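Visitor: Quick check, what structure comes out for this input:
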Amino acid sequence: MQRLFFVLLVLISFIQCSNSKKSPTKISDPTAKEPGAPVQVVVGAEQLDLLLPKIKGKNVALVVNYTATVGNTHLADTLKSRGVTIKKILAPEHGFRGNAANGEHVKDGFDTKTGLAVISLYGNNRKPTAEQLADVDVIIYDIQDVGVRFFTYISTLHYVMEACAENGKKLIVLDRPNPNGSYIDGPVLSPEQKSFVGMHPVPVVHGMTVGEFAQMITGEGWLEGKKKCELEIIPLQNWRHSDEYSLPLRPSPNLPNDQAVKLYPSICFFEGTVLSLGRGTQFPFQVIGHPDLKNFDFQFTPVTIEGMAKNPPQENKLCYGLDLRQVAVPKKIELRYLLDMYKAFPDKEKFFIPFFERLAGNKILRQQIKDGLTEDQIRQTWQKDLDAYKEMRTKYLLYE
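Guide: A predicted model of the protein is given here:
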């Protein structure tokens with residue numbers, strides 16, 4: 001009997017040891033997740049174990065704005081605390097701290113918080129000069145984008161890549177999710193409409209992260225003289241194009257929330273008309289209106305808001321129009337707002353302004369609207385170019 005009892009004890013101990021080997025994660029481990037819990041997206045800037053060895057002993061320039069953060073800590077502060085030598089900040093539209101209004105030129109200067117020199121890449125100088133990069137070994141790009149052709153951060157990316165290619169500098173892109181990355185839509189840019197709000201032959205919604213887009217810029221030979229940029233991407237972890245992603249910070253002063261970011265591809269076309277998109281209100285890119293649309297019930301009055309909207313369209317005028325703050329936004333460009341507002345506008349000859357073609361990326365969309373084409377008819381004219389773009393895009397994807 002005693003011998004049998006001893007054998008049972010040995011067997012129980014063996015089973016317990018075997019089970020403990022199969023479950024190495026301790027219950028008290030704070031990183032352990034419950035089954036089915038959402039996996040946390042890890043952005044490029046969080047992966048210091050990959051980044052720091054690449055910049056050890058190097059002089060670094062940062063192409064960043066206030067969105068280059070992890071939690072409440074800016075990338076510049078993180079790198080300085082790790083002993084990285086940061087020579088300067090290269091700031092895009094809206095500036096390093098994001099307090100410059102749309103279209104407002106950003107001046108060179110010094111950041112009072114970090115003491116770093118800030119060089120503007122929005123204004124007369126959109127590409128870093130050889131002199132500005134002379135004391136730099138590597139450039140790091142970390143800016144939250146929204147995946148839309150006329151959002152100017154990818155134009156800044158292009159010019160930085162071009163400067164790197166011309167001056168033998170390496171560019172490291174710290175990737176971030178694209179909140180509009182789950183679909184591709186809109187007219188593809190025609191070469192004659194190339195400008196700072198559209199530099200590449202891509203659709204309005206291009207369906208790529210900044211890292212993927214950078215690979216496409218150099219891979220397709222879009223840099224001047226078809227030069228190649230020495231490029232390295234620190235990719236995202238735990239993110240797919242189909243994933244919903246809520247931005248932790250507004251990507252620009254006039255995209256204050258997820259609704260504005262989702263509506264942006266569809267209603268930014270109104271920037272090429274005389275209508276207001278709510279710049280100068282607390283809900284920009286979520287309303288549409290004009291003083292002459294008196295048949296609409298919704299009302300708002302644009303005013304100058306420091307750091308957000310300086311002399312906005314229809315300033316200090318009561319506008320009538322649409323409130324889109326609660327509408328469902330599908331994963332496609334909706335032309336119905338543009339078509340409906342054109343039909344409702346009393347003086348159609350004054351509806352469009354020349355900037356419309358730059359945003360549309362072609363000369364025909366304005367005429368299609370004037371001719372009364374339906375949304376489906378207009379969308380059919382995009383399809384051939386969209387199919388060709390989608391095929392090209394597959395070569396540069398980093399994520400499913």
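Visitor: Downstream of the helix or strand of the chain with the lowest mean pLDDT, the next helix or strand is which one?
Guide: None of the helices or strands of the chain scores lower by mean pLDDT, DSSP states H and E than helix 2-22, at a mean of 38. As assigned by DSSP states H and E, the chain's next helix or strand after helix 2-22 is helix 48-55.
Visitor: Tell me the strands beside the following helix or strand past that next one, with direction?
Guide: Downstream of helix 48-55, the next assigned helix or strand under DSSP H and E is strand 59-64. Strand 59-64 pairs in its sheet with strand 85-91 (parallel), strand 138-142 (parallel), by DSSP bridges.
Visitor: CA atoms only for strand 59-64, dumped as CSV, please.
Guide: C-alpha atoms of strand 59-64 as CSV (Å, rounded to 0.1, in the frame of the first residue of the first chain):
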residue,chain,number,x,y,z
ASN,A,59,24.4,62.9,-36.6
VAL,A,60,20.7,62.8,-37.0
ALA,A,61,18.0,65.1,-38.5
LEU,A,62,14.4,64.5,-37.8
VAL,A,63,11.5,65.1,-40.3
VAL,A,64,8.7,65.2,-37.7
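Visitor: Pull the residues that contact the helix or strand following that strand.
Guide: Later in the chain than strand 59-64, the nearest helix or strand by DSSP H and E is strand 69-70. Strand 69-70 has contacts (CB atoms under 8 Å, 6 or more residues apart in numbering) with Val43, Ala45, Glu46, Leu75, Thr78, Pro248, Leu249. Quick note: C-beta positions are derived from backbone N, CA and C, even for glycine.
Visitor: Can you say which of those are buried?
Guide: For the contacts of strand 69-70, a neighbour count by 16 or more other CB atoms under 10 Å gives the buried set as Val43, Ala45, Glu46, Leu75, Thr78.
Visitor: Closest one to Gly181 out of the residues you listed, please.
Guide: Val43 (13.7 Å; CB to CB).
Visitor: That closest one touches Pro235, doesn't it?
Guide: No. At 9.5 Å, Val43 does not count as touching Pro235 under the criterion of CB atoms under 8 Å.
Visitor: Quick one: end-to-end length of stretch 301-320, please.
Guide: The first and final residues of stretch 301-320 sit 9 Å from each other (CA to CA, to the nearest Å).
Visitor: In it, which residues are buried?
Guide: Buried-residue list, stretch 301-320, by 16+ other CB under 10 Å: Pro302, Ile305, Met308, Ala309, Lys310, Pro312, Pro313, Gln314, Cys319, Tyr320.
Visitor: Point out where the stretch 1-150 of the chain drops to low pLDDT.
Guide: Applying pLDDT under 70 to the stretch 1-150 of the chain flags residues 1-38, 94-95, 97-108.
Visitor: any idea whether Leu231 is helix, strand or coil?
Guide: Counting by DSSP: H, G, I helix; E, B strand; the rest coil, the backbone at Leu231 sits in strand.
Visitor: hmm, back to that, could you identify which of the strands paired with strand 59-64 is most buried?
Guide: Mean neighbours per residue, mean count of other CB atoms under 10 Å, is largest over the strands paired with strand 59-64 for strand 138-142, with a mean of 25.
Visitor: what's the helix or strand following that strand in contact with?
Guide: Remark: after strand 138-142, the chain's next helix or strand is helix 153-167, criterion DSSP H and E. For helix 153-167, the external contacting residues (CB under 8 Å, 6+ apart) are 63, 90, 92-93, 121-122, 126-130, 133, 139, 141, 143, 145, 169-171, 173, 196-200, 210, 213-214, 217-218, 222-224, 227-231.
Visitor: Filter these down to the buried ones.
Guide: Judged by 16+ other CB under 10 Å, buried ones among the contacts of helix 153-167: 63, 90, 92-93, 121-122, 126-128, 133, 139, 141, 143, 145, 169-171, 173, 197-200, 210, 213-214, 217-218, 222-223, 229, 231.
Visitor: Go through those and flag which are in strands.
Guide: Cross-referencing these against strands under DSSP state E gives Val63, Leu90, Ile139, Tyr141, Lys170, Leu171, Val173, Leu231.
Visitor: Hmm, Ile172 and the third one touching each other?
Guide: Yes. With the criterion set as CB under 8 Å, Ile139 and Ile172 qualify as a contacting pair; they are 7.2 Å apart.
Visitor: quick revisit: now for the buried residues of stretch 301-320: which two are most distant?
Guide: Maximum pairwise distance among the buried residues of stretch 301-320 (CB to CB): 23.4 Å, between Lys310 and Tyr320.
Visitor: returning to what we had before: now do the shared contacts for Val43 and Pro235.
Guide: Counting by CB under 8 Å, 6+ apart, the common neighbours of Val43 and Pro235 are Asp175.
Visitor: For the spatially most central residue of the chain, grab phi and psi.
Guide: For the chain, the residue nearest the mean C-alpha position is Asp145 (1.0 Å; CA atoms, centre = their mean). Backbone geometry at Asp145, expressed as degrees, to the nearest 10, gives phi -110, psi 170.
Visitor: One more: Thr281?
Guide: Dihedral pair for Thr281: phi -130, psi 180, per degrees, to the nearest 10.
Visitor: Next: the one 4 residues further on.
Guide: Backbone torsions for Phe285, taken as degrees, to the nearest 10, come to phi 60, psi 30.
Visitor: Thought Cys268 was touching it, still the case?
Guide: Yes. Between Phe285 and Cys268 there is a contact under CB under 8 Å: 7.3 Å.
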